[in-house]
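Colleague: Just need the structure, nothing else, for what follows:
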Amino acid sequence: MKPENGRSRVIIEEISPVIDGGRYPAKRVAGDQVKVTAAIFSDGHDHVAARLLYRPASTQAWKTVPFTPLTNDMWEAEFVVEELGEWFFTIEAWIDHFDTWVHDLGKRLAAQPDPQEPTQQVVGPQDIPLALRIGAAHLQAAATRAKGADAKKLTAAATELLSLADRNHSHYASPVDENLVEIAAKYPDTSHSTKCGRELPLWVDRERARFSSWYELFPRSCGVMPGQHGTFRDVIARIPQIALMGFDILYMPPIHPIGVAYRKGKNNSVTAEPGDVGSPWAVGAKEGGHTALLPELGNLDDFDGLVKTAQANGMDVALDIAFQCSPDHPWVTEHPDWFVIRPDGTIQYAENPPKKYQDIYPLNFESNDWQGLWDALLGVFTYWMDRGVRVFRVDNPHTKALPFWEWCIAEIHKEAPDVIFLAEAFTRPHVMYSLAKSGYSQGYTYFTWRNTKADLEAYFDEICNPPVRDFFRPNVWPNTPDILHEQLQVVDPDERRSVFLQRVILASTLSANYGIYGPAYELCEGRAAKPAAGKKGSEEYLDSEKYQLRTWNLEDPISIAPTITLLNQIRHENPALQRNEGLWFHTAQNDQIMVYSKATEDFANVILIVVNLDNKGEQSAWMKLRMDKLGLPWDSEFVVEDLLTNRIYTWKEWSYAALQPELPAHIFRIIRPAVHSDKASLSAA
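Modeller: Numbering: from 1, shown residues only. Predicted coordinates for the structure are as follows:
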C-alpha cells in the first residue's frame, strides 16, 4: 500500500517518554523540564531537522522547540510544563535542504585551489557558481514563508548569491554566516515532513504526588483515656505534633459507619462481644454509607475542622476509600443488583477460601446497572472533595474493574487535576502498573517483602528507571495495619528497635514517597497474632487496631519518633531525596552492607547512604563508589557530612564503613572539596 505522501523521507522511532504507544500518559510534575528523545533519520546524506510541538490540553495552540542531535541518530528536546493537568506533545521532522546545501558548499569551498599554493593538487571543478544559484533558490523559497524583516534579509541574501554566481570568480570565500543560517532555519520547507502518528499525552501533577511522607492513624484510637473512643477533635489535637515530625499527609482508615451484622470481634474473632467496635472496612450502617460519618468520631463540622487544621499545618488529609459494603449498608437494600446474588437468593460475601469475611459484601462490576454503580462511586469521591479532601488512598483497587478507574479518575481530574490517588494494590506487576497507567498518582510496592540486598537493588532498579518510572510512582511502606512482616516480629526490644530503624531509613531514602502506619511503627510494635514460623505464621498484629481501640503511649522510651523526625527533616532539606531519578547502587564487599546514592541532575545536591542490613550485629565493608554518579572526579577525595550524627569524614573512590545495629546507617551529604578545602583535620571513615 502506497503511503499518502511518498516524498516524506524521514523516519521517527523510539520516542520517549511514551507509555504503551501513547495509549496512556507519562507522568510529570508542574515545573518539570520534560526531556523528549527520539531516533530521527532518513536515507542518504541529506541533513535532517526536527522540532517538538507541545501544549496543555487547555489550548489548541502549539509551542515549538527545535530538536538537538545527540549520537547515532538520536535527538533530544526539552520543554517546561507549567500547569497541572493534561498536556500533549508530538514531533515533526523533515529533510533540511538548505542546511544540507550549506554543509556541501563548505566542502566545495574547502576543495578550491588555493591561489597561494600553485603546486596544490586540484581535486576537480567544484561548480561553485551553480551551487550558489541552488542556494539562492533555497533562500528565495524561505523568503516566501517568512515575514517582515526576516523576509527582506532572506531575499537580499538570495540576490547576493546570484550576484556572486554571475561574477564567476576563480576563488570564493564563504557567503554564508551563522546569522543567515539561523534565520533560514526559522522558515523550513515542511511540505514533505514526517509527523508523529499521534499527539502523545503527558499528565502533570502537583509536587506532592512525587514527594510525600504519609502518617497513618486510626482516629478512634486517639482518645485521651484508655478505652475511650477517639474523635476528630482528638485528631485535631495531634496534628501539630505530626506536622512537626515532618509528615505531609495524614491518612485515616475509613471514617464511615461500621456495620453491625457479622461484625468482627477483637483479633479478628468471628463473634463480636458487646462493645466491640468492628472493622472500619465493613462500611455502612443505619446511619449511612460511604458519604456518612461514624457518629462516635464527630460530625461534619468536626471533620471540616480537621481538614482545615491539617491544611494550616502544611498537610493534606487522605481518606481511605474502600468500595465494599457491610450487610447493613443502604446500598444493599436500595441497589441489590450492585452485588452478586447467589442461587439461594443471598448476597455473596467476600471470601478467599477457606477464609470467609461475612461482614463485607464486594460490589459486582458486571452488574446490569454498572453505569449507575459507576456514577455512585464517582459521587463518593466528589462528595469528599467538596469538603476539601484532595488525597485518596484506595483500598484494593485491583479487585475492581480496571476500566472503571480510568474513567473515574479522568472525570475527577477534568475539574480537579490537583487530586492525588494512592493505589493500595499488593498484586501482580502488570495489574499494579495498569492502575498507575489508568491515573493513580502513586502505588504501594513490594518493599515490605524485599529484605535482602540483592532483592532491594533489583526491585528499585526496576521501579526507579524508565520505562516504569515514567508512569509508576512507588510509595514505600515498611508496615501497614494489615502487614507486620516477619522481619519486624522481633522479641528483643533492642534488636526490634534496630530493624524498625533500618527499614524506615531504607523506605525514606530509597523512595521519594513513603509512609508508616503511625503509632505502631514509631513504637516498634512487633507482636504478631501468630508469630511467623513458616506457613503457620501470620502478618496480622496481635490486638490489631483494625478490630479494637488501642491506647498508644507515645512517650515510651522505645519510640523511634525522634529519628523519624530527623529523617523527614533530611528529606525536606535535600532535593536529591525528593525524586527517584538519580538513584544509583554502588558496590560493597559485604551482602549485609548496602550503599546507594541519590543526586539532582546538576549534582548540586548528592546524598550517599550506607545501611547495615543486619539488625543483630556490626557489619563492615570496603566500598567502591561510582564517582561519576556522584558528580566527582575519579581520583578525588571529598568531604561528607553524616546528617544523622553531624560528623564529618573524608572519602574517596574506595572507602570503608562499619555500622552498629543501634544506628544502622550513614546518610551522607557530599560537600564539594573546594568548599571545605580549609578543613585539614578531617578524620577518615
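
Colleague: all contacts plus neighbour counts: C-alpha atoms, from now on.
Modeller: Fine.

Colleague: Torsion angles phi and psi at the nearest residue in space to Ile95 that is not next to it in sequence?
Modeller: Spatial nearest neighbour of Ile95, chain neighbours left out: Val48 (4.7 Å); criterion: C-alpha to C-alpha, 6 or more residues apart in numbering. Torsion angles at Val48 (phi, psi; degrees, to the nearest 10) stand at phi -110, psi 140.

Colleague: Who are the packing partners of the helix ranked longest in the chain?
Modeller: Assignment by DSSP state H gives helix 148-167 as the longest helix of the chain. For helix 148-167, the elements it packs on are helix 128-145, helix 178-185, judged by 3 or more C-alpha pairs under 8 Å, 6 or more residues apart in numbering; DSSP states H and E.

Colleague: Quick one, which of those gets closest to His413.
Modeller: Nearest to His413, of all the helices and strands packed on helix 148-167, is helix 178-185, at 39.0 Å by C-alpha to C-alpha.

Colleague: what lines up beside whichever helix or strand comes after that closest one in the sheet?
Modeller: Downstream of helix 178-185, the first helix or strand assigned by DSSP states H and E is strand 194-195. Taking DSSP bridges as the criterion, strand 194-195 forms sheet pairs with strand 85-95 (antiparallel).

Colleague: Pull out the buried residues from the helix or strand following the strand it pairs with.
Modeller: Scanning forward in sequence from strand 85-95 by DSSP H and E, the next helix or strand is helix 97-110. By neighbour count on 16 or more other C-alpha atoms under 10 Å, the buried set for helix 97-110 is 97-99, 101-102, 105, 108.

Colleague: so who does the residue nearest to Ile95 touch?
Modeller: 10, 40-42, 93-96 (C-alpha atoms under 8 Å, 6 or more residues apart in numbering).

Colleague: before we move on, back to that, can you lay out the buried residues of helix 97-110 as TSV showing pLDDT?
Modeller: Output for those, formatted as TSV (pLDDT from 0 to 100):
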residue	pLDDT
His97	96
Phe98	96
Asp99	95
Trp101	95
Val102	96
Leu105	94
Arg108	92
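
Colleague: could I get stretch 228-241 in CSV with only the CA atoms?
Modeller: The C-alpha trace of stretch 228-241 is given here as CSV (Å, rounded to 0.1, in the frame of the first residue of the first chain):
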residue,chain,number,x,y,z
GLN,A,228,-12.2,5.9,75.4
HIS,A,229,-13.3,6.2,71.7
GLY,A,230,-11.3,8.9,69.9
THR,A,231,-12.9,11.7,67.9
PHE,A,232,-11.9,14.0,65.1
ARG,A,233,-11.3,16.7,67.8
ASP,A,234,-8.7,14.3,69.3
VAL,A,235,-7.0,14.0,65.9
ILE,A,236,-7.0,17.8,65.6
ALA,A,237,-5.1,18.0,68.8
ARG,A,238,-2.5,15.6,67.5
ILE,A,239,-2.0,17.3,64.1
PRO,A,240,0.6,19.9,65.1
GLN,A,241,2.8,17.2,66.6
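
Colleague: list the buried ones in that stretch?
Modeller: 229-236, 239-240.

Colleague: Identify the residue nearest the residue nearest the centre of the chain in space, chain neighbours excluded?
Modeller: Most central in the chain under C-alpha atoms, centre = their mean is Arg473, positioned 3.1 Å from the mean C-alpha point. Spatial nearest neighbour of Arg473, chain neighbours left out: Gln442 (4.8 Å); criterion: C-alpha to C-alpha, 6+ apart.

Colleague: ok, now Asp205?
Modeller: Leaving aside its sequence neighbours, Asp205 sits nearest to Val29 (C-alpha to C-alpha, 6+ apart; 4.7 Å).

Colleague: contacting residues around that neighbour?
Modeller: Val29 makes contact with 81, 84, 204-207, 209-210, according to C-alpha under 8 Å, 6+ apart.

Colleague: quick one on the thing from earlier: can you redo the buried residues of helix 97-110 as CSV with distance to Leu542?
Modeller: Below are these laid out as CSV (distance: C-alpha to C-alpha, whole Å):
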residue, distance to Leu542
His97, 75
Phe98, 76
Asp99, 74
Trp101, 78
Val102, 78
Leu105, 82
Arg108, 85
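
Colleague: Report the two of the contacts of Val48 separated the most.
Modeller: Farthest pair in the contacts of Val48 (C-alpha to C-alpha) is Ile40 and Asp96. Separation: 12.7 Å.

Colleague: Between the two, which has more neighbouring residues?
Modeller: Between Ile40 and Asp96, Ile40 has the larger neighbour count (other C-alpha atoms under 10 Å), namely 26 against 18.

Colleague: Just the element for the more buried one, please.
Modeller: Here Ile40, judged by DSSP H and E, is contained in strand 33-41.

Colleague: if we can go back for a sec, considering the buried residues of helix 97-110, which is situated nearest to Leu583?
Modeller: Distance to Leu583 across the buried residues of helix 97-110 (C-alpha to C-alpha) is lowest for Asp99, with 40.1 Å.

Colleague: wait, what's in contact with the closest one?
Modeller: Counting by C-alpha under 8 Å, 6+ apart, Asp99 makes contact with 47, 181.

Colleague: Tell me how far it lies from His47.
Modeller: 7 Å (C-alpha to C-alpha, to the nearest Å).

Colleague: Who are the contact partners of the closest residue to Glu14 other than its chain neighbours?
Modeller: Nearest residue to Glu14, sequence neighbours excluded (C-alpha to C-alpha, 6+ apart): Ala38, at 5.2 Å. Contacts for Ala38 (C-alpha under 8 Å, 6+ apart) come out as 12-16, 74-76.

Colleague: can you pull the pLDDT of the nearest residue to Lys414 once chain neighbours are set aside?
Modeller: Nearest non-adjacent residue to Lys414, counting by C-alpha to C-alpha, 6+ apart: Gly85, 7.8 Å away. For Gly85, the model assigns a pLDDT of 98.

Colleague: what does Glu287 give?
Modeller: Glu287 carries a pLDDT value of 97.

Colleague: again with Thr271
Modeller: Listed pLDDT for Thr271 reads 91.
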